[in-house]
Structure formats: structure tokens, C-alpha cells
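In: The following comprises the amino acid sequence and a computationally predicted model.
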Amino acid sequence: MQKLLLLGDEAIAQGAIDAGLSGVYAYPGTPSTEITEYIQDSKIAKERNIHSKWSSNEKTAMESALGMAYAGKRAMTCMKHVGLNVAADAFINAAITGVNGGFVVVAADDPSMHSSQNEQDSRVYGKFAMIPILEPVNQQEAYDMTYAAFEMSEKFNVPVMIRITTRLAHSRAGVVRKPLLDEKTVCLPKDPTQFVLLPSIARRNYKKLIETRPDLEKISMESPYNTYTDASDRSLGIIACGIAHNYLMENFQDKALNHPVLKLSQYPMPRKDIERMVNECDKILVLEDGYPVIEELLKGYQEAGTPVIGRLDGTLPRDGELNPNIVAAALGLPIEEGDVVPDLLVGRPPAMCKGCGHIDAYKALNIALESYGPGRVFADIGCYTLGALPPYNAVNSCVDMGASITMAKGAADAGLVPAVAVIGDSTFTHSGMTGLLDAVNEGTPITVIVSDNYTTGMTGGQDSQALGHLEQIIEGIGVDPEHIRVFKPTAANLDEMVNIIKEEFDYQGVSVIIPRRQCIQTLRNKSLVLKVKELGL
Amino acid sequence: MKSDIVLAGVGGQGILSIAATIGMAAVDKDLHLKQAEVHGMSQRGGDVQSHLRVSSNPIASDLIPKGKADIILSVEPMESLRYLPYLSKSGWLVTNTTPFVNIPNYPEMEVVMAKIAEQPNHIAIDADKIASEVATKRSSNIVMLGAASPFIDIEFSALEEGLRKIFGRKGDAVVESNISALRAGRAATEEILASRN
């Protein structure tokens, strides 16, 4: 069969489609975005009418996918690692409800924080929820694992997590497809109480979940993705998780690897393989692209038994993404580095695009704040976070989706004047609305700037759930229409913008200012331009 | 065969189109390929790089180890120097000479060019100028692919075929324009190599 050249993300998407997926639910987030985009563009997905529209946030996505699984069809939800925090309530409880149709949760982690605020490891979440985790080493495994994950989910009545990292998500390689399976038909759960997590039922379901542990460990032992390769030099055994296995093997392309290696790509851990390595090797090196999850489990806190080395003892760096050189250093192998980077090199940080509306909004905000001094602007997650960098130096926080409004509220409660929030339209509908309600209910004096560019810009211009009804939402939450101020952020409007912002600083209640201009990156997106025109924006 | 290539540039300069073209050619020739890209925040005008590995044998790592790259292919001169630790002693540095200046502290061009000239194996061409002459300025990335092509162990015709597939949907004119850019880039390198012999 002809190989497809796919990103890790796309391999997951194709694997899901071929496994008979009926719906993907997601909010854009690097490095997971391309999974859903691939399904949106897929010919088969269109023919089958597979659901692939964006959700408002990861929690609504997770719940919608669970609802589809309740109805007996195969569903998937995809998110970046921090998105799983947003969806965590639904995620953990989905392990207690169990599934009907297969339910797959893809968590795309970002070690080294290429585009994120932290580098949390989703395997911790998978373990927390007590569900199987699949961690592919390459694009073909990403495809094969996803293809098989739905059946695994149905067989063991649990959601199945697929955990990838940025490197695999955004790396391309050849993938061979399997036969396209039919979608499932609607069928209700056999037990009508299965999804009703009243304490009495939840206790029963939780016991069942606990009872699946031995079975899940058994399939991990039998998994073709977990392999134990014995070798003569047992002074060291190596456990290589997921993509870390690639970095290990890269160092042994032209020479033999004489140490036993456990390639670990399916969890819960294959207990017998681990025991074998503990018993047969003098020392164990654990390679994980993320947190030292397995290392910490093996090491324990008593420093007894076979020594375990890795990120915790400094053999590997404690943080950041692994690569072949880091693994080589851990093994004491020489690195034939090329020339050093010359001193003349300067950094080239990402920046807002030339002509971006956020820039004009920040220019006005900075002028309006001049008489108050710095330190009063709480920003959010999106392109406008780049306003923290020179020459703007316009914002003082970026924590999590929606935190701008609520942090401004808390600061206002503390007496900070003015307390300003800057949030994008898509982030506002993701997680800003509920915080705005808190402020409205208390009449907290905050100035919220919803910098509206009609899109989810940072991740590449996906649909914004706010499009066409942003003011109605804000009014509906209870903001006084007189204090909802809309303008077009341009250089020519600078004075008008400054005046409006200053007026709203003086208002002792909730103001929402909406600088509104289309993201310049999306101007070539004809359907969006047309939609904006139709909406009369 | 094996070609490990570090593609370098600034977000938005089209290094992913270069990667896609080589990737398409590699798949057609039934070669193994791994190509690690940068998506997300850095695409907003930051420095971006892509590790592209093509081999007749299976490839382990998505990332090229330091000192192992056969080629640094850069669409921007300063960016070509950022990845020198990856270039093997016998590797080639192939770069565009037109700077992309979106930072206030861009170093002096003479200093950048002198550093490039220090590399024993280097090709430096003005891809923007060549692209404007034979195609459109937007095709400077494909000029650079052409300029690096003598060092990539894939038939030139396969790269042309790759361009046809990548740009096919945009119509014949776009395809032909890019093929002209590819050929012009290759000719520029061949001329430089001939003059050095």
C-alpha cells in the first residue's frame, strides 16, 4: 500500500478515521491542533459526516466526546497538555463512568515549552485516572495505536489515552494504512445507570475500574509496543519510554547496543518486564521525554534495591526535551559537535505580525495607562501575550486560559486601580465568560479588553466561537451596554481609543472594550472574510 | 544513501515547502524519511528550523544529532549560522544572502558574510534576486532548494516531480514558476562550484 507522509498528529487522525470514528471534539492548542484540522480536511470524514467542528474549550470537547461514546459511537477528543487541566473533571470521571462506544483521549505534551506555559506530563493524568496510556515512538505506531485504541476502550470499558510530545506531533514520516472500518451505530449502554455517578453507583463503578487493573497490566505485558531486548552487558539496563527510544537507538546505528533495553510504549507498566530488569541488571537508566514518572516510581523513596538513574540524579537534565545528544551524554558516548554558534548570533523571538490589530490596541492602552504607572495589566493566552515583550512591555501576567479577567478582579478587590484584563475573543469564550460573570455580580471595577480578531490566531486561524455574537454574550452576562465599547484598532484611531480606555478606567464597574479588526493572517481565508462581511462586522 | 538536512529560516519564509518537496521526492523514491517541523508560537517571525532526514535505511531519531548534518540549508544568512554545531566536518552550508531583518539588533552584514565564508564548504547566493528574475520573489525558498540539490542524494527530476505534486493544486503557472526557481538555484551552485575548480 502507498505510504502517506504524515505528521504524528495526522497519523493519529487518520488512524481514528480508519477505526470508524464518528466524531472528534477539540479546542486548538499547540501541538495538538493538526489532529482535528486533518479530520476537518479529510475526504472520508466529509463523506461520513464525521463531527470535527471546534469546541469552546477542552472541557466541552471532552464531555461532548463522552456523550457520543455514551450513544455507542467511537469518539475522540484531542488537546494540548494544559488543555487536559481544563478538561480534568470530565476526564477523571469518564474513567468512572466507563464507555459504550470507544473513547480515545489524545494529550499532546510540550516538553521544553516550545509553545506552552509548563511542561507537565500527561502520563501522570492517565495514571491518576487509572486508564491505559499508549505512547507511540513514531508516526506508524501513532497510527496503529489509535486504530487499535477504540477497540481496547470498548473491551475494557475505559477511555484510552494516547500521549505524544511536540516532537512526534510535528514530525512527518511515512505511514501505511489499515482497512477502513465502518462506523458504529447508535446503541444505548446496556446498564442505564452506568453513566449516573451518584455516590452509590460511582462506588460500584470505581470498584470495577480497580478490577480492570490486572487485565490492563496483562495487555501491557503482551503488547507488541512494549519489547524487552536482552543483551550481554547487564551492568546497566535501559528503560526507554516513547520517543526517547528513538534517541537511544540513534546512538547505536553503527554499533551494537550491549545493554538490555525495555522499550516502553504502553501503560500501566508491564510489571514482569520491570521486575526482570530490576533482577537482572546492576543499574537502570530511565529515559522519558517529560517528567521522571517511571523513574520516580522505580526509585521510590527508600533508595533501596537496584539503583535507578535518569533525570532525578542529574544523569539527564531535570527539565526539557530529550534528544540524541543528551542521551549520548548520559551513556558517556562522545559527541562530534560541529563549530560553535558564533557570538554575532542574536535571538529572534516571535513577535506580533506587522499590521496586527493587537499592536494598535496595546499602543493605546500604554498611553492611557501612563498617568497610573506600570503593573496593572493581566493578559491571557494568545498572540497578544507577545505584548509582554519589547517594545510594548504592555502586560504583566499570562497564566492560563481566562485568568486575565479573574486575576484583574482579584487585584481590583485588593485595591489596584485600574485593574485591566486583556483577552482574545476565542480565549474569552473558552474560559473568560464565567470570570466576567463573577465581576458583574459584584460590580467589580475592572476594564476588560477583548481584543477581537475573529479567530483563534496563535494556533493558525481556527474558528472563534465568539464570532458574530460577542456583544450579545457580554450583554447577556450582565455588562451595562453603555460600557461595552467597540472600536477599530488602527493608527488613525489612536486618540479615540485612548479616550475610550481612559473613560472606562474612570467607571466604577465592569467595562468591556472591544478593539475589533480581522487577524491579518486570516485575510487570505476567503470563507472567513465572507462570513465577517455577512455578519456586518 | 543518507541526507541529514537542517532547514533554517524565519517563521513564514517557507522552509516547510522546501521540506515538503524533498519529502514528496523521498516517498516517491521509496526512501525512509523523518522531518521534524516547528509549528506554533515561533512561526510568528521567530527563528525556525526543521530537521529533515532521508535515508535508504530506517531512521531512528526525528532530530539530527550534533555534528551529523550533511547540509544546513538556510533561507536567511544569519540563521544559517545558528545551527553550525549540527553541521558535520564534511557538510555543506548553503544559504541565501538576503537578510530578513525583523529585529533591531541584526548584526552587521559584512560580519555575517565573513563568518559564512569561513566555512570550508559553503554556497552563498542571493536567492531573492534570482527568484525575482526567473519566477517571483516568493519562490526564493525553492531557489535555495535548487542551490542545495547538488548535495542531496536524490535525483533532480524527483525534486521537480515533488514540486508538481506540492503546487499542483495552485495551477500550472505556479508549478512552472517554482520549477524555474529550482533550476536557477541549482545552476547558481553549479556555477560557483565550477568557478572554484
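Out: Happy to help now that I have it. What you are looking at is a predicted structure, and each value in this text was computed from that prediction instead of being measured.
In: With adjacent residues omitted, what lies nearest to the residue nearest the centre of chain A?
Out: In chain A, the C-alpha nearest the mean C-alpha coordinate belongs to A:Lys80, at 0.6 Å (CA atoms, centre = their mean). Excluding the flanking residues, the one nearest A:Lys80 by CB to CB, 6 or more residues apart in numbering or on different chains is A:Gly29, at 3.4 Å. Heads up, the C-betas are built off the backbone N, CA and C, glycines and all.
In: Around chain B, pick out the residues from the stretch 1-150 of chain A.
Out: Contact residues (CB under 8 Å from any CB of the partner chain) of the stretch 1-150 of chain A with chain B: A:3, A:5, A:7, A:30-31, A:33-34, A:114-115.
In: now do 10 Å
Out: Residues of the stretch 1-150 of chain A found near chain B (CB under 10 Å from any CB of the partner chain) are A:2-5, A:7-9, A:29-31, A:33-34, A:80, A:110, A:113-116, A:137-139.
In: Restricted to buried residues, select the residues you listed in ChimeraX.
Out: Burial among these is assessed by 16 or more other CB atoms under 10 Å in any protein chain shown; the matching ChimeraX selection reads:
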select /A:3,4,5,7,8,9,29,30,31,33,34,80,110,114,115,116,137,138,139
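In: Out of the residues of the stretch 1-150 of chain A next to chain B, list just those in helices.
Out: A:8-9, A:33-34, A:139 (DSSP state H).
In: just those now: which is nearest B:Glu133?
Out: Using CB to CB, A:Glu34 is the member of these that lies nearest B:Glu133, at 35.8 Å.
In: Grab the nearest non-local neighbour of the closest one.
Out: A:Glu34's closest residue in space is A:Asp9 (CB to CB, 6+ apart), at 3.8 Å.
In: List the residues that contact that neighbour.
Out: A:31-38, A:78, A:106, A:108, A:139, A:142, A:164, A:168-172, B:39 (CB atoms under 10 Å, 6 or more residues apart in numbering or on different chains).
In: Show the pLDDT at the residue nearest to A:Lys80.
Out: Listed pLDDT for A:Gly29 reads 97.
In: what bridges to the residue nearest to the spatial centre of chain B?
Out: By CA atoms, centre = their mean, chain B has its centre lying nearest to B:Leu73, at 3.6 Å. B:Leu73 forms beta bridges with B:Leu7, B:Val94, as assigned by DSSP bridges.
In: Could I get the contacting residues of it?
Out: B:Leu73 touches B:5-9, B:15, B:18-19, B:22, B:50, B:52, B:80, B:83, B:92-96, B:123, B:141, B:144-145, B:147-149, B:151-152, counting by CB under 10 Å, 6+ apart.
In: didn't the residue nearest to the centre of chain A look like it was pressed against A:Glu119?
Out: No: using CB atoms under 10 Å, A:Lys80 and A:Glu119 do not qualify as a contacting pair, with a distance of 11.1 Å.
In: any shared contact partners between the two?
Out: Joint contacts of A:Lys80 and A:Glu119 (CB under 10 Å, 6+ apart) are A:109-110, A:166.
In: can you redo those residues as TSV with distance to A:Met62 and pLDDT?
Out: Putting the shared contacts of A:Lys80 and A:Glu119 into TSV (distance: CB to CB, whole Å; pLDDT from 0 to 100) gives the following:
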residue	distance to A:Met62	pLDDT
A:Asp109	17	98
A:Asp110	19	97
A:Thr166	21	96
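In: quick one: pLDDT of the residue nearest to the centre of chain A?
Out: For A:Lys80, the pLDDT comes out at 98.
In: Any buried residues in stretch B:98-115, and which?
Out: Buried residues in stretch B:98-115 (16+ other CB under 10 Å): B:98-100, B:102-103, B:106-107, B:112-113, B:115.
In: Can you tell me the closest non-neighbouring residue to residue 117?
Out: Picked chain A for this. The nearest residue in space to A:Gln117 (CB to CB, 6+ apart) is A:Val82, at 6.5 Å.
In: Sorry, I should have been clearer: chain B.
Out: Using CB to CB, 6+ apart, the closest residue to B:Ala117 is B:Ala124 (7.5 Å).
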